[in-house]
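Trainee: Dropping a prediction and its sequence here:
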Amino acid sequence: MNPISTALLSFGMSGKLFHGPFVHTHPGFRLSAVWERSRNEAAAAYPGIRTYRTLEEVLADDDIELVIVNTPNYTHYDYCRQALLAGKHVIVEKPFVTKSEEGAELISLAEEKGLHLSVYQNRRWDSDFRTVQRVLREGLVGNVVEAAIHFDRFKTTLSPKPHKEEANGGAGILFDLGPHIIDAALQLFGLPEALFADVRYLRPGTAVDDQFEILLYYPGLRVRLHSGYFVREPLPSFQLYGDKGTFLKARADVQERDLQEGRLPTDAGWGLEPAGAEGLLVLDNDGVAAPQSVPAEAGDYTEYFNGIYRSLRESARLPVTAAEGLAVVRIVEAAFRSSTEGCRVPLAWS
């Protein structure tokens, strides 16, 4: 393999868990540099990595081919733009940007420069999402007429991280957890015709949204998306209702937990859910419920990086395109508009 020299633009949680371990263990990548303003945590974890104190130093490093923009949401547009202008390929954390016109500009810039620009929608490689994909692909519940996707937490106090609680245009649950389940809906069911949304501000003293519900309209299908910080006992994260039966699946992917505990994606049994987390399929058998367990697919974020490698070295399609990331941002924008105006918002995709 011809390793892709890669730089991280931060070494917080996403750098430590969702990028560093995968870039470091993948033979197609070399974790070469990091931007840390004052600390040296990456160097302690990965001896030999180059630590830079400014973004300009990172982008001036001619060895770097790929920059991972894993910084606060409101910085994504600016840092992506600077990286592309410096001739670097870019992976950007979700959300792609906070304004759709900025996303369109970055897509045009990447095309103009002949560079790859991808959004890190890693939850496509969660065990639960991959299991839902298989259930739909195999038609186990028949024709789906209704579906629901949840990403809920119980976290009723404000975050100590200022960038998560300031009304900076990229904070709030709709821009934080929303892209995960919006992207899931778009991957499972395609682009909707319209939406209706209710966005709420529930925690005492909050300046940013902390609960939302979005109803996506498709021909013959409605998909409900929900995320909130007041859900102590969550409903199944994926719910499919069809003319043959129902499928329910909890959010049980183990990768984040295992990464927090120091496991690596090269460890044996990576991404396998524990016993008891199987999905529940309930079919109708002449009016009698016929429940059965559906084993979960293995989760593996390594597949995203496999796709990035094939794209940069073999000209394959990106595992997540910037256009797909832009569609998510447009849904977020339409949801805010719908909630503010109290109306159904049509969506035009051409």
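Mentor: Yes, it's here. Numbers count the residues shown, from 1 in each chain.
Trainee: ranges for the strands of the stretch 251-350 of the chain?
Mentor: Taking DSSP state E, counting those that start in this stretch to define them, one finds strands in the stretch 251-350 of the chain at 279-285, 288-294, 345-346.
Trainee: chain center to the last one: distance?
Mentor: Spelled out, that is strand 345-346. A distance of 24 Å separates the C-alpha centroid of strand 345-346 from that of its chain, computed with CA atoms, centre = their mean, to the nearest Å.
Trainee: what packs against that strand?
Mentor: Helices and strands touching strand 345-346, by 3 or more CB pairs under 8 Å, 6 or more residues apart in numbering; DSSP states H and E, are strand 194-200, helix 322-341. All C-beta atoms are positioned from the backbone trio N, CA, C, and that covers glycine.
Trainee: list the contacts for residue 14?
Mentor: Contact partners of residue 14, counting by CB atoms under 8 Å, 6 or more residues apart in numbering, are 70, 93.
Trainee: Does it belong to a helix, a strand or coil?
Mentor: Recorded secondary structure, residue 14: helix (DSSP: H, G, I helix; E, B strand; the rest coil).
Trainee: Quick one: the helices in the protein, in order.
Mentor: Taking DSSP state H as the criterion, the chain carries its helices at 13, 20-25, 41-45, 55-60, 76-85, 100-113, 127-137, 162-165, 173-176, 178-189, 255-260, 302-314, 322-341.
Trainee: which other helices and strands contact the fifth one?
Mentor: When you say that, I think you mean helix 76-85. Helices and strands touching helix 76-85, by 3+ CB pairs under 8 Å, 6+ apart, are helix 55-60, strand 66-69, strand 89-93, helix 100-113.
Trainee: Tell me where the model's unsure across the stretch 201-350 of the chain.
Mentor: Scanning the stretch 201-350 of the chain for pLDDT under 70 picks out nothing.
Trainee: If you count neighbours, what's buried in stretch 165-184?
Mentor: Judged by neighbour count using 16 or more other CB atoms under 10 Å, the buried positions of stretch 165-184 are 165, 168, 170-184.
Trainee: Now for the residue nearest the centre of the chain: which residues touch it?
Mentor: With the centre of the chain defined as its mean C-alpha position, the nearest residue by CA atoms, centre = their mean is residue 121, 3.1 Å away. For residue 121, the set of contacting residues under the criterion of CB under 8 Å, 6+ apart consists of 94, 179, 180, 183, 320, 324, 325, 328.
Trainee: so how far is the first residue of stretch 154-171 from its last?
Mentor: Between the opening and closing residues of stretch 154-171 we find a distance of 18 Å, counting by CA to CA, to the nearest Å.
Trainee: Pull the distance from it to the chain's centre.
Mentor: Once both centres are worked out by CA atoms, centre = their mean, stretch 154-171 turns out to sit 18 Å from its chain's centre.
Trainee: Contacts for it, please.
Mentor: Stretch 154-171 is contacted from outside by 72-74, 76, 95, 98-99, 176, 203, 205-208, 229-232, using CB under 8 Å, 6+ apart.
Trainee: PyMOL command for the buried members of these?
Mentor: Below is the selection syntax for PyMOL that covers the buried ones among the contacts of stretch 154-171, with 16+ other CB under 10 Å defining burial:
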select buried, resi 72+73+74+76+95+98+176+203+206+208+229+231
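Trainee: I'd like to know how many residues surround residue 152.
Mentor: Burial measure for residue 152: 21 neighbouring residues, criterion other CB atoms under 10 Å.
Trainee: Leaving out chain neighbours, which residue sits closest to it?
Mentor: Nearest in space to residue 152, with sequence neighbours left out and distances taken as CB to CB, 6 or more residues apart in numbering, is residue 231 at 3.5 Å.
Trainee: could you list every residue that touches the one you found?
Mentor: Contacts for residue 231 were tallied using CB under 8 Å, 6+ apart; they are 150, 152, 153, 154.
Trainee: Let me know the distance separating the second one from residue 177.
Mentor: Put plainly, it is residue 152. As defined by CB to CB, to the nearest Å, residue 152 lies at a distance of 8 Å from residue 177.
Trainee: which residues do those two both contact?
Mentor: Between them, residue 152 and residue 177 have residue 227 as joint contacts when contacts are counted by CB under 8 Å, 6+ apart.
Trainee: Distance check, residue 101 against residue 341.
Mentor: From residue 101 across to residue 341, the span is 20 Å (CB to CB).
Trainee: domains for the protein, by residue range?
Mentor: The chain breaks down into these domains under automatic domain parsing: 4-120, 123-302+331-346.
Trainee: Among the ones you listed, show me which one is buried the most.
Mentor: Using mean count of other CB atoms under 10 Å, the stretch among these with the largest mean neighbour count is domain 4-120, at a mean of 19.
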